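J.: Got a predicted structure plus its sequence, pasted below:
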Amino acid sequence: MNKILVILNPAAKGERAGALRHRIERLSPDLVVRETRKPGDAEAIAERAVQQGFGVVIAAGGDGTVNEVVNGLGEAEVTFGVLPVGTMNVFALELGISSDLRRAWAVIERGHTRLIDLPKANGEYFVQLAGVGLDAEVVRQTTPDFKKALGPVSYVLSLAQVVARKPPKLVVSAEDGREREGSFVLVGNGRFYGGPLVLFRDARLDDGLLDVVVFKNQSHWDVLRYVQAIVFGTHQALPDVDYFQCERLTVDAVGDVPVELDGEIAGVVPFSFGFAERKLRVLAPAVPVDKVRRAS
């Protein structure tokens, strides 16, 4: 393979970051590695990579890095790959890519690609998940310093604060003309949410459909009940949960209701969701993991 760029977002700094870069550089003599220093760097580096003629661009990091790189690439004729070296990379899990660096690199080295849908929301791209309301508010409330000090616990503390507030009234409109109301909404391209939890049971990365879950309530008890049902795979049967698929939808509300795309705050409602005209070419295992699980 020629002209491979790895955009690395090192989770650690100093010597540990240097060691990670060295491990990646040793994977192949054909690699060019460029590190990010601050939010927005991965997107800017990816944009320049398109201009410089790189044929393969790899996001080495978590879901935030994936999101930035995809937005930098846009709909260019570039093959995209993932090395899941961040704290969380749900997209890699969706594709069936191992968190082991050498196994993940083997997927890239084999060169098998698949075309997947590229969802778009108010002009920005995402690959795995969008959230409106509750989970986006948790992301917005959890500052980088808070995350650094407390790790995953920071999100739990932010969640406890957010669910204590009066929830917004969201109006969700799909192309079938039907309007649905809820307190928070999750929109999926893949099946997973936040890790190995299957939130969107019927989702496929290449089916041309968005999977939408509308949660109608948001008290402490309701959120606990929803989480328990998601863990056991019974949330779609709850009377105050609405799950459907569509090609396009809009979400609106009164007030400052945030929207996150792949874990990154993208703005506030109103937001329109759909798909880019072009598919995203992704380096992935030869047998899509979603088809394997459906067959089993």
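T.: Cool, got the structure.
J.: Give me the nearest residue to the most centrally placed residue in the chain, chain neighbours excluded.
T.: Nearest residue to the geometric centre of the chain (CA atoms, centre = their mean): residue 262, 3.0 Å. Among residues not flanking residue 262 along the chain, residue 67 sits closest, at 3.7 Å (CB to CB, 6 or more residues apart in numbering). Any C-beta I mention is one placed from the backbone N, CA and C, and that applies to glycine too.
J.: So what touches the host helix or strand of that neighbour?
T.: In this structure, residue 67 sits in helix 63-73 according to DSSP states H and E. Helix 63-73 is contacted by residues 7, 9, 36, 39-47, 49-50, 57, 59, 80, 82, 86, 88-92, 118, 124-128, 261-264, 280 when judged by CB atoms under 8 Å, 6 or more residues apart in numbering.
J.: Show me what the mean pLDDT comes to for stretch 164-171.
T.: With pLDDT averaged residue by residue, stretch 164-171 scores 93.
J.: Distance from that stretch to the middle of the chain?
T.: 23 Å (CA atoms, centre = their mean, to the nearest Å).
J.: Show me which positions of stretch 168-179 end up buried.
T.: Residues of stretch 168-179 classed as buried: 168, 170-174 (neighbour count, 16 or more other CB atoms under 10 Å).
J.: could I get the residues you listed as JSON lines with secondary structure and distance to residue 244?
T.: Listed next are the buried residues of stretch 168-179 as JSON lines, based on DSSP: H, G, I helix; E, B strand; the rest coil; distance: CB to CB, whole Å:
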{"residue": "168", "secondary structure": "coil", "distance to residue 244": "20"}
{"residue": "170", "secondary structure": "strand", "distance to residue 244": "15"}
{"residue": "171", "secondary structure": "strand", "distance to residue 244": "15"}
{"residue": "172", "secondary structure": "strand", "distance to residue 244": "9"}
{"residue": "173", "secondary structure": "strand", "distance to residue 244": "12"}
{"residue": "174", "secondary structure": "strand", "distance to residue 244": "7"}
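J.: ok, of the residues you listed, which one's closest to residue 256?
T.: Distance to residue 256, by CB to CB, is smallest for residue 168 among these, at 8.9 Å.
J.: Quick one: residues contacting the closest one.
T.: 133, 183-184, 253-255, 257.
J.: change it to 10 Å
T.: 132-134, 137, 182-184, 218, 253-258, 269 (CB atoms under 10 Å, 6 or more residues apart in numbering).
J.: Just the buried ones from those?
T.: Of these, these count as buried by 16+ other CB under 10 Å: 132-134, 137, 182-184, 218, 253, 257-258, 269.
J.: I'd like to know which of those residues are part of helices.
T.: Among the buried ones among the contacts of residue 168, the members falling in helices (DSSP state H) are 134, 137.
J.: Narrow the buried ones among the contacts of residue 168 to those in strands?
T.: 132, 182, 184, 258 (DSSP state E).
J.: Let me have the residues you listed in JSON lines, adding distance to residue 228 and pLDDT as columns.
T.: As requested, those are exported to JSON lines (distance: CB to CB, whole Å; pLDDT from 0 to 100):
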{"residue": "132", "distance to residue 228": "22", "pLDDT": "98"}
{"residue": "182", "distance to residue 228": "19", "pLDDT": "97"}
{"residue": "184", "distance to residue 228": "17", "pLDDT": "97"}
{"residue": "258", "distance to residue 228": "25", "pLDDT": "97"}
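J.: Please tell me I have it right and residue 210 contacts residue 250.
T.: No. If you go by CB atoms under 10 Å, residue 210 and residue 250 don't touch, sitting 11.6 Å apart.
J.: And these two? Which one has more around it.
T.: Taking neighbours as other CB atoms under 10 Å, residue 210 and residue 250 compare with residue 210 leading, 24 against 17.
J.: For that one, list each beta-bridge partner.
T.: Beta-bridge pairing for residue 210 (DSSP bridges): residue 246.
J.: which SS state does residue 224 fall under?
T.: helix (DSSP: H, G, I helix; E, B strand; the rest coil).
J.: does it really touch residue 163, like I thought?
T.: Yes. With contact defined as CB under 10 Å, residue 224 counts as touching residue 163 (9.1 Å).
J.: out of these two, which sits in the busier spot?
T.: Neighbour comparison, residue 224 and residue 163: the larger count goes to residue 163, with 20 against 11 (by other CB under 10 Å).
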